[in-house]
Structure formats: C-alpha cells, structure tokens
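Asker: sequence? don't have it. structure:
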C-alpha cells in the first residue's frame, strides 16, 4: 500500500530534476532552471515535515505500558 511519504519520496526527484530539466530544455539558463525546481522540492519537503508531520499519523490509541519499569516509590 502506497502511503503519503512513499509518494512524496517519488515526487521529490521528479520535481527537482523534471522541472529543472524541462525548463533547461525549453532554453532557460541552468542556474535559473534549478531555482524553481529546488523551490518546489523544498516546499514539498517542508509540507511533509511541518504540515503533514510523520508523528501525527501514527498515534496509538492504546496506552503505553512498560512492564519492566518499576517506580522507586
């Protein structure tokens, strides 16, 4: 089953190399073509880290219980 982060990992190189390569093939200077590709890849990474953070999607509904832990009190 393909999840959000699997798709994100596939889209990042496509955004960077595909967009930059397409702009370069269209006649844009290489440095100017890499800028929008890098910005899109950075925006996708920021969305994956801060907007749809990995810790929020895997919260357990069961309380944690560590049987090996004993209180000193």
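Answerer: Okay, I see it. Keep in mind that what you see is a predicted model, and the values were worked out from it rather than measured.
Asker: Are there helices or strands packed against the helix of greatest length in the chain, and which ones?
Answerer: In the chain, taking DSSP state H as the definition, the longest helix is helix 30-46. Using 3 or more C-beta pairs under 8 Å, 6 or more residues apart in numbering; DSSP states H and E as the contact criterion, the elements in contact with helix 30-46 are helix 4-13, helix 19-25. The way it works is simple: take the backbone N, C-alpha and C, and place the C-beta from them, glycine included.
Asker: Nearest approach to residue 46 belongs to which of the ones you listed?
Answerer: helix 4-13 (11.1 Å; C-beta to C-beta).
Asker: Could you check the closest one and say which residues are buried?
Answerer: For helix 4-13, a neighbour-count test (16 or more other C-beta atoms under 10 Å) marks 8, 12 as buried.
Asker: Point out the other helices and strands that that helix packs with.
Answerer: Using 3+ C-beta pairs under 8 Å, 6+ apart: helix 4-13 touches helix 30-46.
Asker: Below-threshold pLDDT in the protein: ranges please.
Answerer: Applying pLDDT under 70 to the chain flags residues 56-68, 73.
Asker: List the residues that contact the closest residue to residue 45 other than its chain neighbours.
Answerer: Spatial nearest neighbour of residue 45, excluding adjacent residues (C-beta to C-beta, 6 or more residues apart in numbering): residue 12 at 6.8 Å. Residues counted as contacts of residue 12 (C-beta atoms under 8 Å, 6 or more residues apart in numbering) are 41, 44, 45.
Asker: Quick check: of those residues, which has the highest neighbour count?
Answerer: Neighbour counts for the contacts of residue 12, by other C-beta atoms under 10 Å, peak at residue 41, which reaches 19 neighbours.
Asker: Near residue 42, how many other residues are there?
Answerer: Neighbours of residue 42 using other C-beta under 10 Å come to 13.
Asker: what about it, distance to residue 25?
Answerer: 22 Å (C-beta to C-beta, to the nearest Å).
Asker: Next, the angle from the longest helix of the chain to helix 4-13.
Answerer: 170 degrees (axes from the mean of the first three to the mean of the last three C-alpha atoms, to 10 degrees).
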